[in-house]
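Trainee: build me a structure from this.
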Amino acid sequence: MLRTLGIPSRDVNGFLPGEFNDLGGDYIVRASDAHSWVEVFFPGRGWIVFDPTPPAPASARGVFSRFNNYLDWMELTWNEWVINYDFAHQVALGQNLQRGSRSWNDAIRGELERLRRRGLRVVQRWQFRHEWLGFLIPVTLVVFLMSLRFGWLERAIRSLRLALRMRTGSAAAQIQFASVLYGDLLRLLRRHGFQRGETQTPLEFAAAVNEPAVAPAVREFTQLYAHARFGGANIDAPRLRALLAQIRAGLRSR
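Mentor: Here you go, the predicted structure:
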């Protein structure tokens, strides 16, 4: 409307400040914090924000909210010191260790060596008493390494956190869960050659999927997602999962 009156204006997309996590000293910015607002240009003043969106009501912080903070802190720490562990982290860790005295370092190394030998003796006794541990431990290690390689552990943490939020029944949790399922649909279709264009809306992309075996299910899935994501409707999770399974089966049978 401002542009029709000749007033310079623009639509800006970004994120709200998010939620401060005092455990890690960081801000948690979720997909539900995505926001869009209008900015108007005033000569001599620059771009001024005009946001008609009312502020969200303050939500009560309970046990689940605090537990979510612990999960966020664990995920951030895991990504920082395991997934993204690089030369810079090695330098930072080395600088921190150099600040201690040589005797402190020797004491730490001695204590770690003692714990290593003690743990080795415990494992050896367990293996002697339970021969099946000789098979279970390597298999467990392989599964753990595979979970790191393919991101299974990270997805499990996110799924647990999302399940806890879904129990609260909040609108933000409904929107986030709808977005997660829609992301699964996009990845499934992408593997079978259906790539959503950057300028396509969800409904336009659904209409462009011309595979007869899956097209009706994709359109119904997209309609349910759009109503939950943008229309404030309650998400029909069982129906979306059933449609996703139907689409997966249809793509495999092509």
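Trainee: helix, strand or coil for the nearest residue to residue 42 once chain neighbours are set aside?
Mentor: Of all residues not flanking residue 42 in the chain, residue 48 sits nearest, at 5.7 Å (CB to CB, 6 or more residues apart in numbering). For glycine as for every other residue, the C-beta is placed from the backbone atoms N, C-alpha and C. Put simply, residue 48 is strand when judged by DSSP: H, G, I helix; E, B strand; the rest coil.
Trainee: does residue 48 touch residue 37 like I think?
Mentor: No. Contact criterion CB atoms under 8 Å: residue 48 and residue 37 do not qualify, at 11.0 Å.
Trainee: of those two, who's got more company?
Mentor: residue 37 (14 against 11; other CB atoms under 10 Å).
Trainee: double-check that the more buried one belongs to a strand.
Mentor: Yes. Judged by three-state DSSP, residue 37 forms part of a strand.
Trainee: surely it touches residue 50?
Mentor: Yes. Look at residue 37 against residue 50 with CB under 8 Å: they come within range, at 7.3 Å.
Trainee: tell me where the model's unsure across the stretch 1-150 of the chain.
Mentor: 55-64, 80-105, 123, 126-137, 147-150 (pLDDT under 70).
Trainee: recalculate using a threshold of 90.
Mentor: 1-3, 5-7, 11-37, 50-150 (pLDDT under 90).
Trainee: got it, and the stretch 151-254 of the chain?
Mentor: Residues of the stretch 151-254 of the chain that meet the cut-off, pLDDT under 90, sit at 151-184, 197-201, 211, 213, 227-241, 244, 252-254.
Trainee: all helices for it, in order.
Mentor: With DSSP state H, counting those that start in this stretch as the criterion, the stretch 151-254 of the chain has helices at 152-168, 171-191, 202-208, 215-230, 237-252.
Trainee: phi and psi next, for the closest residue to residue 28 other than its chain neighbours.
Mentor: Leaving aside its chain neighbours, residue 28 sits nearest to residue 19 (4.8 Å; criterion: CB to CB, 6+ apart). Backbone torsions of residue 19, given as degrees, to the nearest 10, read phi -120, psi 130.
Trainee: isn't residue 19 right next to residue 26, touching?
Mentor: No. Counting by CB under 8 Å, residue 19 sits too far from residue 26 to count as a contact (9.9 Å).
Trainee: who's more crowded, those two?
Mentor: Taking neighbours as other CB under 10 Å, residue 19 and residue 26 compare with residue 19 leading, 17 against 14.
Trainee: how far away is the more buried one from residue 224?
Mentor: Residue 19 sits 28 Å away from residue 224, going by CB to CB, to the nearest Å.
Trainee: equivalent analysis for residue 9, please.
Mentor: On the measure of CB to CB, residue 9 and residue 224 end up 34 Å apart.
Trainee: what about those two, which has more around it?
Mentor: The residue with more neighbours, out of residue 9 and residue 224, is residue 224; 20 against 16, by other CB under 10 Å.
Trainee: now do the contacts for that one.
Mentor: 235-236, 239-240, 243 (CB atoms under 8 Å, 6 or more residues apart in numbering).
Trainee: apply 6 Å and report the result again.
Mentor: 236, 240 (CB atoms under 6 Å, 6 or more residues apart in numbering).
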